[in-house]
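Trainee: Test case, fold it:
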Amino acid sequence: MKEVLKRFNLLILLSILILGFFLRSENLATWPREGATFDEFAWTWQGINLIQTGVPKSWSPHPQYKNAQQITYRKAAFNLVTPYLEHPPVFGLVAGSYALLTGVKDMHDVTIQSMRGLALLLGMVSIVMVFFLAKELYGTGIALVSALLYACIPTVVVGSRLVQNENFFIPLFLLVLFLIARFVRTKKSLLRNIAAIICGLLALSKVPFLAAALAVMGILLYFKLYKDALKFLAIVLPIFSLFFVYGAYYDWNLFINLWKLQLARYDLTFNSIFALFTKPYLVDRGYIDGFIFWGWISFFLLLVKENKKNIILIAGVLGYLLVYLAGIPDEPGHGWYRYPFYPFLIISIAIFLKEYFAKNIFLTFLFLIFVGSALLQLTFGAVFGFSYIVFRMSIIGWGLTLLPLVFENKKVSAVARVVSFVLLFIFICLNIWAAMLYNEQ
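Mentor: Residues are numbered from 1 along each chain as shown. Next up, the predicted model:
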C-alpha cells in the first residue's frame, strides 16, 4: 500500500512539474518583455567575458568606473565597463557558461531567446526544491500543495522567466535549508558542511545572498548547536573572502568605491518596508496577486504557532528579510528582489490550507476575498472587463462559507465546506489562466 501511495504521489509531482514547465515555457522570451530589466544581459555578459578574456566586462551606469565605453546593442544604449566589479562572479559564470554552451559566440551574440532557457531550468529546479523542503518539514501532502501553488501562481511563473541572480539563489537557498533541516535531525556533519559550501558560493553570486548563511546561523543558534555554528562560519567566511581577493586582483580602489556605492545606493526610508505591500512589483510594473498578499498573512499565522516546528521556514524568511530591510525595500521597479520570499510564503499558504481552510470560517472567507478578487481582476477582468453581475455573484459565493455562523447545522456546514473547496479548485484554474494571459501591453 505504501509503495502504491509513493508512486501515486510521484505521478502527482510529475504532473505538477509538467504544468510548471508549460506555464513557464509559454511566452518565455516574450513576457517579461526584453528591457523590463537589462540585468539579464549584465549577468550573461559578465560571465562570457570572464570566460573568454579572463576579465569581467559588462554594463553599469555607475560613475565609479573610469574605463567605460558607450555602445548600442539591440536598440538600447549601454555603458560597457571594465573590470565589472560591483557583483561577484559566480552567477555570471553560470549564465555565461549556459549561453556559450547553447551556441552563443560572444557577448554581441546574446539574445533573450539564448538566455532564458537557464531561467526555465532554474524555475523547474525551484519547484522540485519547494517540494523537498516542504516534505522534509511538513510531510508529503503539504509538499505537493506547495509545489502545485509554486508551479502556477502567476507572479512566480512570470518572475521565474528572468535570468536574474535571485532565480539562481532560490533553489540553492531551499537546498541549504533542506540540508540543515536534515542535519538538525541526524547530526551528520557532511550535511552541514555542504550547506556551508553552498552558502559561501551564494555569497560569491551576490553579496546580499549572505542571507542564506544568516538564516542557517539563526537555526543553529536556536537549537543551541554553537560548535556547529562556528564550524559553519569557518567554511562560509573564507569562501566569501575570495570576493575581496577577486576585487584586489582586478582593481582594489574601484572595488572599494563600488562597495561604498552599494551600501548607500538604495531608496530607503524608515517606512520603506511597507513597499512590499503598497507597491507590488512583479518586475518593473505593478501586479496585484492575492496569493502573494495572503502568503504574508499565512506566514504571520505561523508565528503564533509552535516556533520549533516552523523555525526552518521562519529563519528562511527572517534571514532574507533582514538583508532586504537593510538595503533594498523601496527600490522602484526591481520586483525580483522579492522573489526569494515567495517559496516560504507559498509553503505557509499550504500550511494555512491544511490547518485553517474550511475549518476557521472567518479566515476562509478572508482568503476567498483576498485571492478571489485579485484573480478575477487578472483573468475575467483582463479579458472581458469589469462586470457588476460577476463581482456580486462572487461575493455571494464567498459569503456562502459564512452560513455556519447563522445556521448551526451539519448539512449547512457540509455545504459551506464543499463551496470552499470548489472555490479553491477554481482559484487554481484561474492561476493558470492568469499566468497564460500575462502581458505588458
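Trainee: Scan the chain for its longest helix.
Mentor: Determined from DSSP state H, the single longest helix within the chain is helix 226-262.
Trainee: Do me a favour and average the pLDDT over stretch 52-62.
Mentor: Averaged across stretch 52-62, the pLDDT comes to 97.
Trainee: Pull out the buried residues from that stretch.
Mentor: P56, K57, S58, W59, S60 (16 or more other C-beta atoms under 10 Å). The way it works is simple: take the backbone N, C-alpha and C, and place the C-beta from them, glycine included.
Trainee: now, the most widely separated pair of these?
Mentor: P56 and W59 (11.6 Å; C-beta to C-beta).
Trainee: Outline the domain layout of this structure.
Mentor: Following automatic domain parsing, the chain resolves into domains at 2-31+119-342, 39-115, 356-437.
Trainee: Turn the ones you listed into a markdown table, columns for distance to A350.
Mentor: Formatted as a markdown table, those follow (distance: least, C-beta to C-beta, whole Å):
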| stretch | distance to A350 |
| --- | --- |
| domain 2-31+119-342 | 4 |
| domain 39-115 | 29 |
| domain 356-437 | 10 |
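Trainee: What's the separation between S126 and L282?
Mentor: 16 Å (C-beta to C-beta, to the nearest Å).
Trainee: Then L375?
Mentor: From L375 across to L282, the span is 15 Å (C-beta to C-beta).
Trainee: got the buried residues of stretch 52-62 as JSON lines, with distance to G247 and secondary structure columns?
Mentor: Formatted as JSON lines, these follow (distance: C-beta to C-beta, whole Å; DSSP: H, G, I helix; E, B strand; the rest coil):
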{"residue": "P56", "distance to G247": "10", "secondary structure": "coil"}
{"residue": "K57", "distance to G247": "15", "secondary structure": "coil"}
{"residue": "S58", "distance to G247": "15", "secondary structure": "strand"}
{"residue": "W59", "distance to G247": "19", "secondary structure": "strand"}
{"residue": "S60", "distance to G247": "15", "secondary structure": "coil"}
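Trainee: and which of those is nearest to L258?
Mentor: Of the buried residues of stretch 52-62, the one sitting nearest to L258 (C-beta to C-beta) turns out to be S60, at 8.9 Å.
Trainee: Name the nearest residue to that closest one, ignoring sequence neighbours.
Mentor: Leaving aside its sequence neighbours, S60 sits nearest to V81 (C-beta to C-beta, 6 or more residues apart in numbering; 4.8 Å).
Trainee: got it, and C199?
Mentor: The shortest distance from C199 to any non-neighbouring residue, by C-beta to C-beta, 6+ apart, is to A213 (4.2 Å).
Trainee: hang on, the one you found packs against I239?
Mentor: No. A213 lies out of contact with I239 (C-beta atoms under 8 Å); the separation is 9.8 Å.
Trainee: Next, give phi and psi for H87.
Mentor: Taking degrees, to the nearest 10, you get phi -130, psi 150 for the backbone angles of H87.
Trainee: and the closest residue to it other than its chain neighbours, how many neighbours does it have?
Mentor: Leaving aside its sequence neighbours, H87 sits nearest to K206 (C-beta to C-beta, 6+ apart; 5.8 Å). When neighbours are defined as other C-beta atoms under 10 Å, K206 has 20 of them.
Trainee: correct me, but K206 touches F169?
Mentor: Yes. Between K206 and F169 there is a contact under C-beta under 8 Å: 7.1 Å.
Trainee: just to revisit the earlier point, got a pLDDT number for the residue nearest to H87?
Mentor: Value listed for K206 in the pLDDT field: 97.
Trainee: Check K6 too.
Mentor: 92.
Trainee: chain center to the helix or strand containing it: distance?
Mentor: Assigned by DSSP states H and E, K6 belongs to helix 2-25. Computed by C-alpha atoms, centre = their mean, to the nearest Å, the chain-centroid distance of helix 2-25 equals 21 Å.
Trainee: Name the residues of the helix or strand just after it that are buried.
Mentor: Sequence-wise, the next helix or strand downstream of helix 2-25 (DSSP H and E) is helix 39-53. Using 16+ other C-beta under 10 Å as the test for burial, helix 39-53 gives 39-51.
Trainee: Quick check, pLDDT for L237.
Mentor: So, for L237, pLDDT stands at 98.
Trainee: Could you count how many residues lie near it?
Mentor: Using other C-beta under 10 Å, the number of residues around L237 comes to 15.
Trainee: who touches stretch 249-267?
Mentor: The contact list for stretch 249-267, computed with C-beta atoms under 8 Å, 6 or more residues apart in numbering, reads 55-56, 62, 64-66, 83, 85-86, 207, 244, 247-248, 327-332.
Trainee: Flag every buried residue along that stretch.
Mentor: Buried residues in stretch 249-267 (16+ other C-beta under 10 Å): D251, L254, F255, N257, L258, W259.
Trainee: Ramachandran angles for T72?
Mentor: Taking degrees, to the nearest 10 as the convention, T72 sits at phi -120, psi 120.
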